[in-house]
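> would you be able to build a 3D model of this:
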Amino acid sequence: MKQAFVSDLLNSLSAHIAVLDTQGVIVAVNGAWRRFARENGGEDKAFYVGASYLAACEGASQHGGNGIAEAMLRGIRELLRGEQESFSVEYPCHSPTEQRWFIANVTRFSHEGATYLVTAHEDITARKLAEDALHETETTLRKILEALPVGVWILNQAGRIVHGNSASQKIWAGALYVGLEQFGEYKGWWLSTGRRIAAEEWAAARAIQKGETSLDEEIRIECFDGSTKVILNSAIPLRDAAGGVNGAIIVNQDITSRKRVEEQLILANAAVDAMNQELQQVLTREQLKARTDDLTGLNNRRHFFDLSKQLFAVAERYQTPLSVLMFDIDHFKRVNDRFGHQVGDAVLKRVAQIARKNTRDADVLARYGGEEFILTLPNTCAQEALAAAENIRERIAACREIADGEEVSVTISAGAAARLPDEDTLDRLIQRADEALYAAKSAGRNCSRVFSPAPPPDGNL
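Residues are numbered from 1 along each chain as shown. So this is what the prediction gives:
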């Protein structure tokens with residue numbers, strides 16, 4: 001009964017079991033061994049009982065090349081000599097239709113004064129396939145991490161680095177393999193306040209200790225080579241199946257260059273603001289000393305030149321556009337001759353009021369002389385000056401007054417010119433605007449023109 005029990009027990013095991021004597025000869029096998037032999041074409045009805053296991057290993061050792069047979073042979077001999085009690089060897093045993101792996105556990109035991117070896121071959125194919133799949137997944141993940149342009153750190157529950165991709169080590173100029181209790185060795189400062197980041201304040205520490213997720217925290221760090229960078233620091237806790245935190249993923253993005261550009265933009269904006277303030281100060285200072293035309297209340301010719309020289313100098317210094325617009329009242333003498341100088345003066349005032357109402361605070365508007373007016377427009381190109389001229393011209397043409405029961409209306413002609421980038425002067429600019437005004441009059445009056453150089457004589461290039 002005892003022998004039957006042992007036989008049934010061995011046959012119930014999934015491992016392929018063979019018992020060897022001290023000569024390495026198979027003296028017994030279990031059911032799993034026999035099934036495996038049948039499924040793999042074994043022809044011996046005794047399923048190799050009586051065959052030498054050692055001889056099989058020796059043959060495989062002579063014809064093989066992977067060292068498995070040698071390891072089995074060496075281990076069995078050591079067991080038979082009593083040098084060890086057991087050993088294990090993993091080995092592939094592929095068939096034409098599938099890949100298979102086994103682990104052989106060989107153990108020495110005694111029975112009724114005799115020594116035996118039991119070899120148990122367990123199928124570990126599922127485990128090996130899972131391990132290979134996991135390895136392939138890990139390899140793919142590492143390739144993805146290496147391809148990312150941002151730094152990625154993977155930390156364990158103790159806060160120690162498990163993996164850091166190339167980008168992360170480039171950002172920090174290396175890595176520091178310390179635990180949570182040593183996070184104070186990292187040197188970082190909050191960009192918004194400049195305060196040093198305490199050990200427990202790092203996003204990684206908060207992720208592991210409190211399960212917090214932090215995104216895009218701007219910090220300045222001191223790298224391990226002594227350089228400083230500005231980075232976006234993010235942390236996401238890693239959780240196990242039960243929801244507990246067992247690590248964290250840290251993402252770093254180097255924004256040093258972006259921050260530098262932002263700082264340069266701030267400085268550039270400050271320079272522009274300073275330029276505008278300087279311009280406003282110039283205008284304000286000169287306005288306090290302003291000299292106006294008694295009739296129209298506009299700047300007189302002398303004050304126009306004082307202000308316009310300042311604007312011209314600012315435009316040259318900062319290389320900004322500047323234009324001059326000249327216009328006069330068409331056939332103004334006829335108004336004086338027909339209605340008298342009192343009506344003529346009213347027309348001059350009305351034209352001045354309309355022009356002043358349709359110019360900017362920064363523009364310099366003046367009565368240039370008689371019925372002629374002039375306007376300096378900072379930060380204005382020639383086409384913009386032409387548009388301003390047309391706006392004033394249209395509003396003046398649409399205005400009507402009654403004098404001695406008759407409707408009085410006038411039109412203007414205007415010419416505009418822009419500052420040339422090199423070797424220009426205010427006098428030359430005014431001269432070009434005057435030539436454009438002359439062109440408007442030649443075109444029939446009540447229109448605006450932009451200065452255009454005269455074409456070269458025929459036959460000259």
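> give the rounded mean pLDDT of the lengthiest helix in the chain.
Using DSSP state H, we find that the single longest helix of the chain is helix 256-288. Mean pLDDT, computed over helix 256-288, is 82.
> show me what secondary structure element comes after that helix.
For helix 256-288, the following helix or strand on the C-terminal side (DSSP states H and E) is helix 301-318.
> quick one: contacts of that following helix?
For helix 301-318, the external contacting residues (CB atoms under 8 Å, 6 or more residues apart in numbering) are 275, 278-279, 282-283, 286, 290-292, 299, 320-322, 324, 364, 366-369, 374, 376, 378-379, 419, 425-426, 429. Bear in mind the C-beta positions are built from the backbone N, C-alpha and C, glycine included.
> and it, how far out from the chain middle?
Mean C-alpha position of helix 301-318 versus that of the full chain (CA atoms, centre = their mean, to the nearest Å) differs by 45 Å.
> CA atoms of it as PDB?
The C-alpha coordinates for helix 301-318 follow below in PDB (Å, rounded to 0.1, in the frame of the first residue of the first chain):
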ATOM      1  CA  ARG A 301       6.300 128.100 -37.500                       C
ATOM      2  CA  ARG A 302       9.200 128.600 -35.100                       C
ATOM      3  CA  HIS A 303       7.800 126.300 -32.400                       C
ATOM      4  CA  PHE A 304       6.900 123.800 -35.100                       C
ATOM      5  CA  PHE A 305      10.600 123.600 -36.000                       C
ATOM      6  CA  ASP A 306      11.700 123.300 -32.300                       C
ATOM      7  CA  LEU A 307       9.300 120.400 -31.700                       C
ATOM      8  CA  SER A 308       9.900 118.700 -35.000                       C
ATOM      9  CA  LYS A 309      13.600 118.700 -34.600                       C
ATOM     10  CA  GLN A 310      13.200 116.800 -31.400                       C
ATOM     11  CA  LEU A 311      10.900 114.300 -33.000                       C
ATOM     12  CA  PHE A 312      13.300 113.900 -36.000                       C
ATOM     13  CA  ALA A 313      16.200 113.300 -33.600                       C
ATOM     14  CA  VAL A 314      14.200 110.600 -31.700                       C
ATOM     15  CA  ALA A 315      13.300 108.900 -34.900                       C
ATOM     16  CA  GLU A 316      16.900 108.900 -36.000                       C
ATOM     17  CA  ARG A 317      18.100 107.500 -32.700                       C
ATOM     18  CA  TYR A 318      15.600 104.600 -32.500                       C
END
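> which of the contacts of helix 301-318 are buried?
279, 283, 286, 299, 320-322, 324, 364, 366-368, 374, 376, 378-379, 419, 426, 429 (16 or more other CB atoms under 10 Å).
> among these, name the ones in strands.
Judged by DSSP state E, strands contain the following of these: 322, 324, 364, 366-368, 374, 376, 378.
> so where's the stretch 301-450 of the chain uncertain?
402-405 (pLDDT under 70).
> helices along that one, start to end?
301-318, 332-339, 341-357, 382-398, 426-442 (DSSP state H, counting those that start in this stretch).
> in the longest one, what's buried?
This means helix 301-318. Buried residues in helix 301-318, defined by neighbour count with 16+ other CB under 10 Å: 303-305, 307-308, 310-312, 314-315.
> got the angle between that helix and helix 256-288?
Following axes from the mean of the first three to the mean of the last three CA atoms, to 10 degrees, one obtains 170 degrees for the angle between helix 301-318 and helix 256-288.
> same deal with the third one?
Orientation note: helix 341-357 sits at an angle of 160 degrees relative to helix 256-288 (the same axes, to 10 degrees).
> which helices and strands sit right next to helix 341-357?
strand 322-329, helix 332-339, strand 364-369, strand 372-378, helix 382-398, strand 401-403 (3 or more CB pairs under 8 Å, 6 or more residues apart in numbering; DSSP states H and E).
> could you give the angle of the longest one to strand 364-369?
Yep, that's helix 382-398 we're talking about. Interaxial angle of helix 382-398 relative to strand 364-369 (the same axes, to 10 degrees): 60 degrees.
> counting by contacts, list what helix 382-398 packs against.
strand 322-329, helix 341-357, strand 372-378, strand 412-418, strand 448-450.
> right, and the ones you listed - which one's nearest Ala271?
Nearest of the helices and strands packed on helix 382-398 to Ala271, taken as CB to CB: strand 372-378 at 16.5 Å.
> the inter-axis angle of the closest one versus helix 301-318?
Using the same axes, to 10 degrees: strand 372-378 against helix 301-318 is 20 degrees.
> direction included, what does strand 372-378 pair up with?
Counting by DSSP bridges, the strands paired with strand 372-378 are strand 322-329 (antiparallel), strand 364-369 (antiparallel).
> run through who's touching the shortest one.
Judged by CB under 8 Å, 6+ apart, the contacts made with strand 364-369 from elsewhere in the structure are 293, 295-296, 298-301, 303-304, 307-308, 311, 326, 348, 352, 355-356, 359, 373-376.
> so what's the residue nearest to Ala346 when sequence neighbours are not counted bridging to?
Nearest non-adjacent residue to Ala346, counting by CB to CB, 6 or more residues apart in numbering: Glu401, 6.8 Å away. Taking DSSP bridges as the rule, Glu401 bridges to Val408.
> contacting residues around Glu401?
Glu401 neighbours (CB under 8 Å, 6+ apart): 346-347, 350, 407-409.
> any idea how far Leu365 is from it?
Distance of Glu401 to Leu365, computed by CB to CB, to the nearest Å: 21 Å.
> how about Ala313?
19 Å.
> what's the answer for Glu78, then?
Glu78 is 111 Å from Leu365, by CB to CB.
> who has more neighbours out of the two?
Using other CB atoms under 10 Å, the more surrounded residue of Glu78 and Leu365 is Leu365, with 22 against 15.
> just the buried residues out of the contacts of Glu401, in ChimeraX syntax.
A single ChimeraX command suffices to select whichever of the contacts of Glu401 are buried according to 16+ other CB under 10 Å:
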select :346,347,350,408
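> just put the helices and strands packed on helix 341-357 in CSV and tack on distance to Ala28.
Output for those, formatted as CSV (distance: least, CB to CB, whole Å):
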stretch, distance to Ala28
strand 322-329, 109
helix 332-339, 133
strand 364-369, 117
strand 372-378, 109
helix 382-398, 106
strand 401-403, 131
